[in-house]
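S.K.: Let's see this in three dimensions:
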Amino acid sequence: MFQKHCFYSEFRLQAYCVVSVCLFSSPVIYKMPPRIAAIRLVSSHREVYEPCDDSFALVDALLADRTNLIEHNPKICMEIGCGSGYVITSLILLLKNEVPGVHYLATDTNPIATRVTKETLQAHGVDADVICTDIASVLEKRLAGSVDVIVVNPPYVPTPEYEVGMEGIASAWAGGENGRTVIDKILPVVDLLLSEKGWFYLVTLTSNFPAEICLMMRKKGYASRIVVQRSTEEENLVILKFWRDKDEESREKETSSSSFVSQFSKSLSSLMEKQWR
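M.R.: Alright, predicted model coming up:
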């Protein structure tokens, strides 16, 4: 069975600190990268998906967008499909010293994953409401139109349809035909949950046809861009960001033209060329 491929090391551990050094009577300030979840503190279980290339790419996208996220000043942040808790913990650590009063939530259909996420949060000294549910089924009415940031690393691996929704760790990767079965279920839920200023970060593979996903969201009123593109031996990852676009005229022009997918493909090709230079 094809599974999400995973490589990680302790070299990904990052600490946040500022060191002042006196050199020739002049202070020099060295600022380390913002803190994210430490792999050694991430809890694990054989039935829970561990942090891998896709998890790291999603956190790297949040790191790349951190200044914007701080200025965005979110009040509610949510991860759908939290797994080990690595991503939601990293998001909290990225924002907690800069954006006070944020309410964090995380969901997963795997009850063991919700337990593991709680352990990861506790190990890092941070907190979130962790709920065992399918996508966000128990939260849709209560949170409709109020979530400012949603992050999702969905089951995206192309698999037979019967594998979708299986119990245990298989639920973390089995994505059905083109890896889109679960993604296509998540998109309308995200549309319902996001606030007017809401941002949505999504992990996809090129085999998921991300251009089609962007076009679907465009027709719902969302603009999009590629935040991170990463190629490994096993997969080509594309991290997408979506937000509501108020320019209806521009949206109608783009969605009525076949050039949308062509333009997206050009952008992706350009990013891939830069990566391999």
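
S.K.: all strands in the stretch 51-200 of the chain, in order from the N-terminus.
M.R.: Using DSSP state E, counting those that start in this stretch, the strands found in the stretch 51-200 of the chain span residues 76-80, 103-108, 129-132, 147-152, 194-205.

S.K.: what about stretch 222-229, distance to the chain center?
M.R.: From the chain centre to the centre of stretch 222-229 is a distance of 12 Å (C-alpha atoms, centre = their mean, to the nearest Å).

S.K.: Equivalent analysis for stretch 191-198, please.
M.R.: 16 Å.

S.K.: mind giving me JSON lines with the strands of the stretch 51-200 of the chain and columns for mean pLDDT and mean neighbour count?
M.R.: Every C-beta, even on glycine, is put in place using the N, C-alpha and C of the backbone. Listed next are the strands of the stretch 51-200 of the chain as JSON lines, based on pLDDT from 0 to 100; neighbours: other C-beta atoms under 10 Å:
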{"stretch": "strand 76-80", "mean pLDDT": "98", "mean neighbour count": "26"}
{"stretch": "strand 103-108", "mean pLDDT": "98", "mean neighbour count": "23"}
{"stretch": "strand 129-132", "mean pLDDT": "97", "mean neighbour count": "16"}
{"stretch": "strand 147-152", "mean pLDDT": "98", "mean neighbour count": "24"}
{"stretch": "strand 194-205", "mean pLDDT": "98", "mean neighbour count": "22"}
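
S.K.: Pipe these into TSV and attach distance to residue 219 per row.
M.R.: Below are these laid out as TSV (distance: least, C-beta to C-beta, whole Å):
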stretch	distance to residue 219
strand 76-80	21
strand 103-108	26
strand 129-132	30
strand 147-152	19
strand 194-205	15
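
S.K.: what pairs with the residue positioned nearest the centre of the chain across the strands?
M.R.: With distances taken as C-alpha atoms, centre = their mean, residue 151 lies nearest the centre of the chain, 3.7 Å away. Residue 151 forms beta bridges with residue 79, residue 201, as assigned by DSSP bridges.

S.K.: for it, what are its contacts?
M.R.: 58, 62, 77-80, 87-88, 91, 200-201 (C-beta atoms under 8 Å, 6 or more residues apart in numbering).

S.K.: With respect to residue 175, which of the residues you listed is nearest?
M.R.: Distance to residue 175 across the contacts of residue 151 (C-beta to C-beta) is lowest for residue 80, with 14.1 Å.

S.K.: which non-adjacent residue is nearest the closest one?
M.R.: Nearest non-adjacent residue to residue 80, counting by C-beta to C-beta, 6 or more residues apart in numbering: residue 152, 4.7 Å away.

S.K.: just residue 166 next, same as before
M.R.: residue 174 (6.2 Å).

S.K.: what do you get for residue 140?
M.R.: residue 192 (5.8 Å).

S.K.: What of residue 241?
M.R.: Residue 241's closest residue in space is residue 227 (C-beta to C-beta, 6+ apart), at 4.9 Å.

S.K.: coming back round to it: residue 233: which of the strands of the stretch 51-200 of the chain is closest?
M.R.: Checking the strands of the stretch 51-200 of the chain against residue 233 by C-beta to C-beta gives strand 194-205 as the closest, at 13.6 Å.

S.K.: Show residues contacting the closest one.
M.R.: If you take C-beta under 8 Å, 6+ apart as the criterion, strand 194-205 is touched by 54, 57-58, 61-62, 65, 69, 72, 74, 76, 145-154, 156-157, 179, 183, 190, 210, 213, 222, 227, 235-244.

S.K.: Can you flag the buried ones in those?
M.R.: Neighbour counting with 16 or more other C-beta atoms under 10 Å marks 54, 57-58, 61-62, 65, 69, 72, 74, 76, 146-154, 156-157, 179, 183, 190, 210, 213, 222, 227, 235-244 as buried within these.
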